[in-house]
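Colleague: sequence-free structure coming up:
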């Protein structure tokens with residue numbers, strides 16, 4: 001079992017770029033950077049889509065579909081990198097996706113203040129409490145692999161099904177044993193492009209992910 005491959009599969013890359021318009025029907029409205037960032041985080045980590053949908057100007061149903069479609073594509077991409085193990089069934093893909101959502105739900109954050117600069121861009125402060133769920137994953141995968149070998153399974157010859165068992169059990173162990181370290185703060189930029197649309201860069205989304213879940217990237 002190549003644990004390096006496994007760690008790569010488990011790393012949840014949050015490189016989304018979200019943009020919204022600062023104008024609404026009937027005239028210009030004041031852009032609320034705090035609400036925007038909170039909506040993005042809640043949609044991605046808590047499956048709460050109301051504020052995200054509002055800032056995007058779409059329905060909650062469409063907002064949910066947008067986030068879930070992105071995650072589905074991500075899962076397909078990650079598991080396609082393990083073709084040497086065989087083909088993962090749709091049920092196995094869904095099980096992996098469900099575990100990623102469980103991990104996302106461990107995210108602890110609070111959007112604090114947004115400061116606007118002279119160009120109309122914002123620096124937003126986010127208070128985060130880091131989870132160790134990914135930091136314990138390698139040790140837990142080793143423990144689960146040993147348990148499987150003790151039961152007579154040769155994990156060095158794992159196929160997709162056996163790898164799935166190892167993957168899910170290891171993730172669940174990390175979730176069950178999750179602890180948090182001291183709360184800290186990070187700053188991200190919400191910037192306006194040439195069309196007047198605001199967004200969060202992929203690098204800042206990754207910054208948030210790394211702060212919430214050290215070892216995830």
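Modeller: It's in. Predicted model, so just to flag it, every value in this text is computed and none were measured.

Colleague: CA atoms for contacts and neighbours, from now on please.
Modeller: Fine.

Colleague: Give me the contacts around the longest helix along the chain.
Modeller: What stands out as the longest helix in the chain, according to DSSP state H, is helix 60-80. Counting by C-alpha atoms under 8 Å, 6 or more residues apart in numbering, the neighbours of helix 60-80 from elsewhere in the structure are 8-9, 43-44, 47, 49-50, 52-53, 88, 93, 96-97.

Colleague: Please apply the same query to stretch 142-152.
Modeller: Contacting residues not belonging to stretch 142-152 are listed as 154, 155, 166, 169, 170 [C-alpha under 8 Å, 6+ apart].

Colleague: Most neighbours out of the contacts of helix 60-80, which is it?
Modeller: Neighbour counts for the contacts of helix 60-80 (other C-alpha atoms under 10 Å) peak at residue 52, which has 26 neighbours.

Colleague: hmm, back to that, so among the contacts of stretch 142-152, where is pLDDT lowest?
Modeller: Among these, residue 155 carries the weakest pLDDT, at 84.

Colleague: show me where this structure has strands.
Modeller: With DSSP state E as the definition, the chain shows strands at residue ranges 18-21, 23-24, 27-28, 109-116, 122-128, 184-192, 197-200.

Colleague: Redo the ones you listed as JSON lines? Include distance to residue 137, mean pLDDT and mean neighbour count.
Modeller: Conversion of those to JSON lines gives the following (distance: least, C-alpha to C-alpha, whole Å; pLDDT from 0 to 100; neighbours: other C-alpha atoms under 10 Å):
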{"stretch": "strand 18-21", "distance to residue 137": "30", "mean pLDDT": "35", "mean neighbour count": "18"}
{"stretch": "strand 23-24", "distance to residue 137": "44", "mean pLDDT": "38", "mean neighbour count": "12"}
{"stretch": "strand 27-28", "distance to residue 137": "48", "mean pLDDT": "52", "mean neighbour count": "8"}
{"stretch": "strand 109-116", "distance to residue 137": "22", "mean pLDDT": "96", "mean neighbour count": "17"}
{"stretch": "strand 122-128", "distance to residue 137": "20", "mean pLDDT": "98", "mean neighbour count": "20"}
{"stretch": "strand 184-192", "distance to residue 137": "22", "mean pLDDT": "96", "mean neighbour count": "18"}
{"stretch": "strand 197-200", "distance to residue 137": "29", "mean pLDDT": "90", "mean neighbour count": "20"}
